[in-house]
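> quick one, fold the following:
(one chain, ligands or ions: 2)
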Amino acid sequence: MMNETQKRIWTGAIIGICLIAAGCFIIFAVGRPDRVDSGYREVMGTFARIVAVAGSTRQGKISVEAGFEQLNRIDSLMSDYDPLSQISRVNRDAFEKPVMVSPELFELLQKSKDVSRLTDGAFDITIGPLVDLWREAGEANSLPEEKTLALTRAKVGYDNLILDANNFTVRFAVDGMRLDLGGIAKGYAIDKAVEAMKQNGAIAGMVDVGGDIRCFGDAPGRKDGWLIGVQDPKAAKKDEQKAASDDTQYQNTSASLKDWIYGQRLIDLIVKDAAVATSGDYRRFVTINGKSYSHIIDTGTAEGAKKFSSVTVIANTALEADVLATAVSVLGREKGLALIESLEDVEAILITEPPEYEIIASSGAGGYVR
Ligand code: AMP
Ligand code: MG
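Ligands and ions are numbered 1, 2, ... in the order given. You can find the predicted model right below:
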């Protein structure tokens, strides 16, 4: 028989064990504050990765998926692969009649036009016909004729994109125009993904779409900020050329993609609550008679931009960083740097063409270099 004291000890012990078990159960069910890393997934014609830090693993996963949902949503909003998408309708019908679009797309078109004005037309989403012309030239391995180039160029110009804010309609003033949102889509999508992550409980995180990155909150395991590597355009160019001649080499799995990128880091940046975007002629290009032409079109010459190997921009939002990286690629050293210096909280690192690969930094860029 147990005496009163023994009974009390046993009851206390049992209650204690129950409380510990309940505690363990709650931690198990709800999760610990944790970092969730999606690894690389194929989105928007490239690879995307999201890292979320949240109060629990479960919340982190929810926040990562909310981010990807936005990336996928914006991909279908902006791509013209789907003939029924809003952009496809605009590109098909907007010369014949005004085409109504969603307030979201309308706002983005307005923003694109603002960037065109700011960059003196270096950034221009009406670049579509020239992008098509150079892609076709690459496929045919023959340079476009002067006459064709001139005719196509006449179809490009943001002044001919008519936006009616009262009716949310889009109209083209010239026949044959085509909008190409490739220079703004990733940045816009990243910002939307970050917003969705925050709404879904992320206290910190990072969204990387094809090397354009935005991070927020404290980086896991680091006090100074998020570590972002700027790719070495020289190494990247070599690898891209190799890959172009041997398509079995870069069947990207997450692991090989990571090794590949890690081997090419040239500059390490430490960034907090900001975005970094890079435009590079090694990223995508067409080859004609052995010569490569950048996928970024110089609106002045109507040819592939050839002023830099890469342009990296640091800004508060991914949209800003993305459009400015594309614009500076076209503007060149003097005008590009002047633009960057005129903008608050914006810095840039420019790397010139081979063989020099000279690194040029805006006045405050050094502050981000580790
Ligand atoms: P990014 O990689 O951000 O520099 O964007 C390049 C993409 O933007 C190209 O693949 C085209 O789809 C589009 N693009 C090319 N030239 C221009 C330009 N001058 N202005 C705006 N978008 C452009
Ligand atoms: Mg860009």
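
> against which helices or strands is the one helix or strand Arg333 maps to packed?
Per DSSP states H and E, Arg333 falls inside helix 318-342. Contacts defined by 3 or more Cβ pairs under 8 Å, 6 or more residues apart in numbering; DSSP states H and E place helix 318-342 against helix 103-118, helix 185-199, strand 212-216, strand 274-280, strand 308-315, strand 347-352. Backbone N, C-alpha and C define where each C-beta goes, glycine included.

> up against ligand 1, what does the stretch 1-150 of the chain have?
Contact residues, the stretch 1-150 of the chain versus ligand 1 (Cβ under 6 Å from any ligand atom): 123-125, 127, 131.

> which among the residues you listed gets closest to Gly221?
Phe123 (36.6 Å; Cβ to Cβ).

> follow-up on the earlier one: what's the closest of the residues of the stretch 1-150 of the chain next to ligand 1 to Phe168?
Of all those, Phe168 sits closest to Ile125, with 17.0 Å by Cβ to Cβ.

> is Thr46 bridged to anything, and to what?
On the basis of DSSP bridges, Thr46 is bridged to Val43.

> that one contacts Gly210, correct?
Yes - counting by Cβ atoms under 8 Å, Thr46 does reach Gly210; the two are 3.4 Å apart.

> need the overlap of contacts for those two.
The contact sets of Thr46 and Gly210 overlap at Lys186 (Cβ atoms under 8 Å, 6 or more residues apart in numbering).

> circling back to that earlier point, and of the helices and strands packed on helix 318-342, who's closest to ligand 2?
strand 274-280 (4.7 Å; Cβ to the ion).

> what angle do the helix holding Arg333 and helix 185-199 make?
110 degrees (axes from the mean of the first three to the mean of the last three Cα atoms, to 10 degrees).

> with adjacent residues omitted, what lies nearest to Leu325?
Not Leu; residue 325 is Ala. Nearest residue to Ala325 in three dimensions, chain neighbours excluded: Ser279, at 4.0 Å (Cβ to Cβ, 6 or more residues apart in numbering).

> what bridges to the one you found?
Val311.

> and it, what is it in contact with?
Residues counted as contacts of Ser279 (Cβ under 8 Å, 6+ apart) are 296, 310-311, 325-326, 328-329.

> got those residues as TSV, with neighbour count, pLDDT and distance to ligand 2 columns?
As requested, the contacts of Ser279 are exported to TSV (neighbours: other Cβ atoms under 10 Å; pLDDT from 0 to 100; distance: Cβ to the ion, whole Å):
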residue	neighbour count	pLDDT	distance to ligand 2
Ile296	29	96	8
Ser310	28	94	11
Val311	29	96	8
Ala325	29	97	4
Thr326	28	97	4
Val328	28	98	9
Ser329	30	97	8
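
> of the residues you listed, which is the nearest to Gln59?
Distances from Gln59 to those, taken by Cβ to Cβ, are shortest for Ala325, at 32.5 Å.

> please list all residues in contact with that closest one.
By Cβ under 8 Å, 6+ apart, the residues touching Ala325 are 212, 277-279, 311-313, 348.

> try 7 Å
277-279, 311-313 (Cβ atoms under 7 Å, 6 or more residues apart in numbering).

> likewise for Gly211?
With contact set as Cβ under 7 Å, 6+ apart, Gly211 has these partners: 231, 278.

> confidence score at it?
Gly211 is assigned a pLDDT of 90 by the prediction.

> identify the farthest-apart pair in the contacts of Ser279.
Taking every pair in the contacts of Ser279 and measuring Cβ to Cβ, the maximum separation is 11.7 Å, between Ser310 and Thr326.

> quick one on the thing from earlier: and which of the contacts of Ala325 is nearest ligand 1?
Ranked by distance to ligand 1 (Cβ to the nearest ligand atom), the contacts of Ala325 are led by Ser279 at 3.2 Å.

> gap between that closest one and Gly128?
18 Å (Cβ to Cβ, to the nearest Å).

> near Ile360, how many other residues are there?
Neighbour count of Ile360, defined by other Cβ atoms under 10 Å: 15.

> might you enumerate the residues of this structure proximal to ligand 2?
When proximity is defined by Cβ under 5 Å from the ion, the chain lies next to ligand 2 at 279, 322, 325-326.

> cutoff 6 Å now
For the chain, the residues in contact with ligand 2 (Cβ under 6 Å from the ion) are 183, 277, 279, 322, 325-326.

> where does the stretch 151-300 of the chain get nearest to ligand 1, residue-wise?
Relative to ligand 1, the nearest point of the stretch 151-300 of the chain is Gly182 (2.3 Å; Cβ to the nearest ligand atom).

> tell me if that residue really is in a helix.
Yes - in this structure, Gly182 lies within a helix as judged by DSSP: H, G, I helix; E, B strand; the rest coil.

> what's the local residue count around it?
Here the count is done by other Cβ under 10 Å, and Gly182 has 20 residues near it.

> spatially nearest residue to it, not counting backbone neighbours?
In space, Gly182 is closest to Val131, 7.5 Å off (Cβ to Cβ, 6+ apart).
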